[in-house]
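Asks: Sharing a sequence plus its predicted fold:
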Amino acid sequence: LHLIIMMIRCNRKEKVCGEDNTHRRMFFWGLSCLIASGFLAMLCYNLCYYPEISVPLRLWDIYSYILPFGMCLMSVFLVIDFSHAVRVILQNNYRNQTLDYLAHTDALTCLFNRRSFEEDLEALRVQKKGYCFGIVSIDLNGLKAINDQLGHEVGDDMLKSFAAAFQKACAGAGKPYRIG
């Protein structure tokens, strides 16, 4: 009875507390198929072996296939459950990679941002292996005047083209960041 109540709950609500319930629902459907086929197999077995009940001989043929059929159905539901779980894991992995990329990259220039700079700098400080490094800071003067006179679109295009050239110049030698 508890299993039936849980199945009804899972079918009624697709999401509980913002969580997808598909895996639970598939498991319960598979388990219920197995249990139902077990009950049917027991019923057929009892009907076939009690001499006082006249049962057609064909019921014995059905009995021999009920439990394996239930087990096959449960296997199908478990495969569906497994594939759903793998899909959810892959989606979460992709989402986490995307969020990490967005958290550490400047949206306009696609260079690393201030957060990434601070994390990398802290990692270099902690390393303490005698590793030498240098920081080069470049300021683009006159960008406000370009934005005011020609528009922000032109200023953004200038930043993008400079970032692409600077990234090409730093290739293999370091990591370019946009801090300001």
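Replies: Nice, thanks for sending it over.
Asks: Point to the helix or strand of this structure where mean pLDDT is at its lowest.
Replies: Here the helix or strand of the chain ranked lowest by mean pLDDT, DSSP states H and E is strand 15-16, holding a mean of 44.
Asks: Confirm for me that Arg178 is in contact with Ala107.
Replies: No. When contacts are counted by CB atoms under 8 Å, Arg178 is not listed as touching Ala107 (9.8 Å). C-beta here means a position set from N, CA and C on the backbone, and glycine is covered the same way.
Asks: So in the chain, which helix runs the longest?
Replies: helix 58-104 (DSSP state H).
Asks: May I see the buried residues of the helix or strand following that helix?
Replies: Next along the chain after helix 58-104, taking DSSP states H and E as the criterion, comes helix 114-127. For helix 114-127, a neighbour-count test (16 or more other CB atoms under 10 Å) marks 116-117 as buried.
Asks: Taking helix 58-104 as reference, get the angle to helix 114-127.
Replies: 90 degrees (axes from the mean of the first three to the mean of the last three CA atoms, to 10 degrees).
Asks: name the helices or strands packed onto helix 114-127?
Replies: In terms of contacts (3 or more CB pairs under 8 Å, 6 or more residues apart in numbering; DSSP states H and E), helix 114-127 is packed against helix 58-104.
Asks: And the helix it packs on, how far out from the chain middle?
Replies: Centre-to-centre, helix 58-104 and its host chain are 15 Å apart (CA atoms, centre = their mean, to the nearest Å).
Asks: Likewise for stretch 168-180?
Replies: On CA atoms, centre = their mean, the centre of stretch 168-180 falls 31 Å from that of its chain.
Asks: Ends of that stretch, what's the gap?
Replies: Counting by CA to CA, to the nearest Å, the length from the leading to the trailing residue of stretch 168-180 is 20 Å.
Asks: What mean pLDDT does that stretch get?
Replies: Mean pLDDT, stretch 168-180: 86.
Asks: Can you mark which positions in that stretch are buried?
Replies: 176-178.
Asks: Kindly indicate which of those residues lies nearest Val126.
Replies: Tyr177 (18.5 Å; CB to CB).
Asks: pretty sure that closest one contacts Arg114?
Replies: Yes. Here Tyr177 reaches Arg114: they are 7.1 Å apart, a contact under CB under 8 Å.
Asks: No further queries at this time; thank you.
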